[in-house]
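J.: sharing a model that was predicted from the sequence below.
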Amino acid sequence: MGVERELKLEGRAEDLRKLLVDPAVADGLKGRPTRRRLAATYYDTPEGTLRRELGMSLRVRKEGRRWVQAVKREPTGDGVLLARDEWEVQVAGEAPEPARFTDPELADLVQAATGRELVAIVRTDIRRETVDLGWTDEHGRSAVVNLALDQGRIEADGRAEEVSELELELVEGDPACLYALALRCAELAPVRFVTQSKWQRGVRLHDRLVPQPVKAERPELAADANIETVMVAAFGAALRQWVGNEAAVLDGRDPEGIHQMRVALRRLRSLLTVFKDLIPPAQRKSLSGELRTVVKALGPARDLDVFEAELLAPVLAARAGEPSLSALHELATSARARAYDEAHAMVASRDYGRTLLRLSAWLAMRGWRVGADAAGADQLAMPATQAAA
């Protein structure tokens, strides 16, 4: 068993390939990239027991002459970092052999899968180039990061999606380096951050799922939690809500997606104010300003959603057939389409990706500690109930 920690960057193949030869990255490469084709099949019961009840994927992949079976839990983490438990074992061929896993943590999966029909749910055909990179960030923190450039397809239930992404997986060292490296990549090429695994994308194709809006969650807090624990929980919940609504915003069919993303962004800005005495002013001002830019870009689409649904629709129903109202409706529909195009462009933009990554890194690395003195450290350790009062 191991734990994967990775960031995924999506972009055009030529742009991703440029990252591997840019001096900022190439100087730290440990050798030349190795190339291989990875054909994988993901299995589940016809009822979807593994993915729906256990939150796990079961994959068999051909790696050279070997067949490797892997189980992964659904990715977790705040923001763009994907972290998940992973188990691997070699098998005889393409057919899954769940009984080969002996780890007690997989007992439920083995019981659910052994002796039952397992069907192919998702197939991927990927051409991968991999190379390790030694990376040191501006603060002297170092790590070894595996770079994997993936080009190929995900197929499920007669539908397909193209894959063009660069995975940055932490091999050893400080996780902060992953964020620093990803930020550097975002400066070098037009990329966006991917927050779903290939398996999750395949399941969406297979189940023909329409992305659903994600509402705010209530963080679970222990009675003796200190202020910093509350900060991490509150910021993490809002960040997950933000990222969780990306797919619904880009899909565009449910206006609640844009609404809930704006809610998450406003919550994050409010939290920066709530905890302002614990956050260096320059950090707070910079992060809040970047979040405000995204909120403003989503605003026109939300305003027109509300105008059409809550203001215009009742009037149209009451005065059906009135030419001036029909003209207004056409005008509003056209304006809404343009506003959605602008919202989609923002979410796909480099600036948006940098803002998301910066906030994710700031939370993961507890950025508010930078430059904190002893008094500040004592404040962070104060019981939250005392601080709230």
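T.: Structure received. Numbering: from 1, shown residues only.
J.: run through the helices of the chain in chain order.
T.: Counting by DSSP state H, the segments of the chain that form helices are 13-21, 23-26, 107-113, 176-188, 198-206, 227-244, 246-251, 256-274, 281-306, 313-318, 323-347, 350-364, 374-380, 384-388.
J.: export the ones you listed as a markdown table, with columns for mean pLDDT.
T.: Below are the helices of the chain laid out as a markdown table (pLDDT from 0 to 100):
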| stretch | mean pLDDT |
| --- | --- |
| helix 13-21 | 89 |
| helix 23-26 | 87 |
| helix 107-113 | 89 |
| helix 176-188 | 86 |
| helix 198-206 | 91 |
| helix 227-244 | 93 |
| helix 246-251 | 91 |
| helix 256-274 | 97 |
| helix 281-306 | 96 |
| helix 313-318 | 95 |
| helix 323-347 | 94 |
| helix 350-364 | 88 |
| helix 374-380 | 78 |
| helix 384-388 | 89 |
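J.: which of these sits closest to A70?
T.: Among the helices of the chain, the nearest to A70 by CB to CB is helix 198-206 (10.2 Å). (Each C-beta comes from the backbone N, C-alpha and C, glycine too.)
J.: residues in contact with stretch 224-238?
T.: 78, 216-222, 264, 267-268, 271, 275, 278, 363, 366, 368, 379-384, 387 (CB atoms under 8 Å, 6 or more residues apart in numbering).
J.: if we can go back for a sec, now render the helices of the chain as JSON lines, adding mean neighbour count and distance to E162.
T.: Compiled in JSON lines, those are given as follows (neighbours: other CB atoms under 10 Å; distance: least, CB to CB, whole Å):
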{"stretch": "helix 13-21", "mean neighbour count": "16", "distance to E162": "10"}
{"stretch": "helix 23-26", "mean neighbour count": "13", "distance to E162": "24"}
{"stretch": "helix 107-113", "mean neighbour count": "17", "distance to E162": "30"}
{"stretch": "helix 176-188", "mean neighbour count": "20", "distance to E162": "20"}
{"stretch": "helix 198-206", "mean neighbour count": "21", "distance to E162": "10"}
{"stretch": "helix 227-244", "mean neighbour count": "21", "distance to E162": "22"}
{"stretch": "helix 246-251", "mean neighbour count": "20", "distance to E162": "15"}
{"stretch": "helix 256-274", "mean neighbour count": "20", "distance to E162": "23"}
{"stretch": "helix 281-306", "mean neighbour count": "16", "distance to E162": "27"}
{"stretch": "helix 313-318", "mean neighbour count": "11", "distance to E162": "38"}
{"stretch": "helix 323-347", "mean neighbour count": "14", "distance to E162": "18"}
{"stretch": "helix 350-364", "mean neighbour count": "20", "distance to E162": "19"}
{"stretch": "helix 374-380", "mean neighbour count": "12", "distance to E162": "45"}
{"stretch": "helix 384-388", "mean neighbour count": "13", "distance to E162": "47"}
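J.: got the domain boundaries for the chain?
T.: 2-206, 227-388 (automatic domain parsing).
J.: how about the ones you listed, which one is nearest Q212?
T.: domain 227-388 (6.3 Å).
J.: gap between the two ends of that closest one?
T.: One end of domain 227-388 to the other measures 9 Å (CA to CA, to the nearest Å).
J.: what separates that domain from the chain centre, distance-wise?
T.: Distance, stretch centre to chain centre, for domain 227-388: 16 Å (CA atoms, centre = their mean, to the nearest Å).
J.: again with stretch 3-13
T.: Taking CA atoms, centre = their mean, one finds stretch 3-13 lying 10 Å from the centre of the chain it belongs to.
J.: also stretch 129-149?
T.: For stretch 129-149, the distance to the chain centre is 20 Å (CA atoms, centre = their mean).
J.: run through who's touching it.
T.: The list of residues contacting stretch 129-149 from outside it, by CB under 8 Å, 6+ apart, reads 16-17, 20, 25, 28-36, 128, 165-178, 180-181.
J.: buried subset of those, written for PyMOL?
T.: Selection of buried members from the contacts of stretch 129-149 for PyMOL, criterion 16 or more other CB atoms under 10 Å:
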select buried, resi 16+17+20+25+28+128+165+166+167+168+169+170+173+174+175+176+177+178+180+181
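J.: so which of the contacts of stretch 129-149 are in strands?
T.: Among the contacts of stretch 129-149, DSSP state E puts 34-36, 128, 165-173 in strands.
J.: output these as JSON lines; include the columns pLDDT.
T.: Listed next are the ones in strands among the contacts of stretch 129-149 as JSON lines, based on pLDDT from 0 to 100:
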{"residue": "T34", "pLDDT": "93"}
{"residue": "R35", "pLDDT": "93"}
{"residue": "R36", "pLDDT": "92"}
{"residue": "R128", "pLDDT": "95"}
{"residue": "E165", "pLDDT": "95"}
{"residue": "L166", "pLDDT": "94"}
{"residue": "E167", "pLDDT": "94"}
{"residue": "L168", "pLDDT": "93"}
{"residue": "E169", "pLDDT": "93"}
{"residue": "L170", "pLDDT": "92"}
{"residue": "V171", "pLDDT": "93"}
{"residue": "E172", "pLDDT": "91"}
{"residue": "G173", "pLDDT": "90"}
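J.: ok, the residues you listed vs V315, which is closest?
T.: Nearest to V315 among the ones in strands among the contacts of stretch 129-149 is E165, at 46.6 Å by CB to CB.
J.: tell me how far the residue lying closest to that closest one once chain neighbours are set aside lies from E117.
T.: Of all residues not flanking E165 in the chain, E10 sits nearest, at 4.7 Å (CB to CB, 6 or more residues apart in numbering). As judged by CB to CB, to the nearest Å, E10 and E117 stand 34 Å apart.
J.: ditto for E310
T.: 49 Å.
J.: save the domains of the chain as a markdown table, and put in distance to Q212 too.
T.: Shown next, in a markdown table, are those (distance: least, CB to CB, whole Å):
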| stretch | distance to Q212 |
| --- | --- |
| domain 2-206 | 11 |
| domain 227-388 | 6 |
